[in-house]
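Asks: What would the 3D arrangement of this be:
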Amino acid sequence: MNKKLLYSLLISGAIRYFISISKYSRSIENHVEISTPLNSFKRLKEGVFLYDNGIDPYDGDIFHESPFILIAANFLLKNFGEFISLILIIIDLLSAVFIYYGSKSISKRNYERQQLEVSTYAKGTEEIQFSKSDIDNIPFICAFAYLFNPYSILNCVGQTTTVWSNFLLSVVIYSMSKNMKFICLLALAFETQKNFYPFVLIVPIALAFSENDKSKNLKRIITVVTFASIFGLLNYIAFTYMGNWKFLDSTFGFIIHCRDLTPNIGLFWYFFTEMFDHFRELFLYTFQLNTTILYLFPLTFTFKESPEFLLTILLSLVTIFSSYPCIGAIAFYMSLIPLWKRCSPFMSHNFIVIATFIVTSILGPTVYHLWMYANSANANFYFGVTLVFCTSQIFLLTDLCFAYLKRKFCLTNGVTFDKTMKLSLE
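Replies: Below is the predicted model:
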């Protein structure tokens, strides 16, 4: 293993551990930016308690995790209850390891693609081309961006089940980069059963697995059908174990219908708090279409030659627009952005985005405290901050998309303007 990566794992693991045993861990666990009705550790323990006492945890409106998370949590809390925090830290560090090796394979693949096309590139574009050193540098930057991101650290200390989600998604990326189709589809099926929205990632995954195949369309259809079969089988196993289908409504139904309007860093809660009931279904399905398939087809047609970039963008979009977002999920997609460091010269909003992230990350918890505990603010203040926070993420993604397209254009046409052409136009 890379020494720099090993040292980073040890240091970031120590940071997570010492914060988790500090007096601040309890307050971190209760923050709405970290814990939501979908990933709360308290709700997970409540579900396990109900299950142990012969009560179906899906009968009420407390537990919304998948049955497999219930089974795993039940086993861990019974046998390793004192080490849950340490186990979650190890899982989080493993996510970074998978991000590192997945990014390494993706960087190598990007470099090999470039070598096949380099003869068509314009002169003077060496600075925006992938270099051989990127194969080693970019993976470490991606892993470092995850390990030391305050969002991922707080998410791990808060003991949310998003730690499990990030691990599954890291396995998806690693196995996709290594052409391990079954493991990739299995991990995606588990994550889809938990969070619903990641099903859109099957599109870039199908594109990636059919990249070097002559019968591409057939291979893509087989990949999608295989994923649907695995997903259906997992749900049937869950039905067999639980004895009913109630978990479907408590997981997918809860996510789609957004039944809990507890404040979070997303856009759903405030909008549907103010919404008239007779308009609710119209706007609910509009919001859900916006989160899932609205951008899927245009982005697929635009970035189909780079399934990894498409996966990064789609994962970012479903994280931003999901009904119960949290900072832990944001930390994961942010760790993938360094994969496209060669696009950075064309990104024009870096300072605005970084400054907005910092300001809203500090202002959000402050305004929430003023609203809930000091009674000197209201919901409009907090939603204003979260709206700006979401806008900064959208700026980041649109800037990255345009930078990718600009880089692609400049590789073929050159970075500098043709002076003779400019004079002739004048």
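
Asks: which other helices and strands contact the helix or strand S107 falls within?
Replies: If you go by DSSP states H and E, S107 is part of helix 84-117. Packing partners of helix 84-117 (3 or more CB pairs under 8 Å, 6 or more residues apart in numbering; DSSP states H and E): helix 3-20, helix 67-80, helix 134-147, helix 150-157, helix 162-177, helix 307-321, helix 327-336. (Glycine included, C-beta is placed from N, CA and C.)

Asks: can you list contacts of the last one?
Replies: With CB atoms under 8 Å, 6 or more residues apart in numbering as the test, helix 327-336 has contacts from 33-34, 39, 95-96, 99, 103, 142-143, 145-146, 149, 151-152, 154-156, 158, 160, 162-163, 165-166, 169-170, 173, 265, 312, 315-316, 319-320, 322, 393.

Asks: how near is G364 to V171?
Replies: 30 Å (CB to CB, to the nearest Å).

Asks: Show the backbone phi and psi for N39.
Replies: Backbone torsions for N39, taken as degrees, to the nearest 10, come to phi -130, psi 10.

Asks: contacting residues around it?
Replies: Listed by CB under 8 Å, 6+ apart, the contact partners of N39 are T160, T161, T162, S165, Y324, C326, G328.

Asks: gap between it and I358?
Replies: Note on N39: its distance to I358, by CB to CB, is 24 Å.

Asks: Count the neighbours of S170 for me.
Replies: 27 (other CB atoms under 10 Å).

Asks: Just to check, it is in contact with Y101?
Replies: No: with contact defined as CB atoms under 8 Å, S170 does not count as touching Y101 (9.4 Å).

Asks: quick one: average confidence on stretch 412-423?
Replies: The predicted model assigns stretch 412-423 a mean pLDDT of 58.

Asks: same thing with stretch 367-387?
Replies: Rounded mean pLDDT across stretch 367-387 is 91.

Asks: Can I get that stretch in CSV, CA atoms only?
Replies: C-alpha atoms of stretch 367-387 as CSV (Å, rounded to 0.1, in the frame of the first residue of the first chain):
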residue,chain,number,x,y,z
VAL,A,367,-29.0,29.7,12.3
TYR,A,368,-30.6,26.4,13.3
HIS,A,369,-29.6,27.0,16.9
LEU,A,370,-31.0,30.5,16.8
TRP,A,371,-34.3,29.1,15.4
MET,A,372,-34.7,26.0,17.6
TYR,A,373,-33.1,27.0,20.9
ALA,A,374,-32.7,30.8,21.1
ASN,A,375,-36.1,31.6,19.6
SER,A,376,-34.5,34.5,17.7
ALA,A,377,-34.9,33.2,14.1
ASN,A,378,-37.4,31.1,12.1
ALA,A,379,-37.5,28.5,9.4
ASN,A,380,-37.0,31.1,6.7
PHE,A,381,-33.5,31.8,8.0
TYR,A,382,-32.4,28.2,8.0
PHE,A,383,-34.0,27.4,4.6
GLY,A,384,-32.2,30.4,3.2
VAL,A,385,-28.9,29.0,4.2
THR,A,386,-29.6,25.5,2.9
LEU,A,387,-30.9,27.0,-0.4
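
Asks: hmm, who's touching stretch 375-394?
Replies: In contact with stretch 375-394 (CB under 8 Å, 6+ apart) are residues 263-267, 270, 273, 316, 320, 330, 352-353, 356-357, 360-361, 363-364, 367-368, 370-371.

Asks: filter these to the buried ones?
Replies: Buried by 16 or more other CB atoms under 10 Å: 263-267, 270, 316, 320, 330, 353, 356-357, 360-361, 363-364, 367-368, 371, out of these.

Asks: What about these, which are in helices?
Replies: Of the positions in the buried ones among the contacts of stretch 375-394, 270, 316, 320, 330, 353, 356-357, 360-361, 363-364, 367-368, 371 sit in helices, assigned by DSSP state H.

Asks: for the closest residue to F227 other than its chain neighbours, what are its contacts?
Replies: Leaving aside its chain neighbours, F227 sits nearest to L185 (4.7 Å; criterion: CB to CB, 6 or more residues apart in numbering). The contact partners of L185, taken as CB under 8 Å, 6+ apart, are I202, I205, T223, T226, F227, I230.
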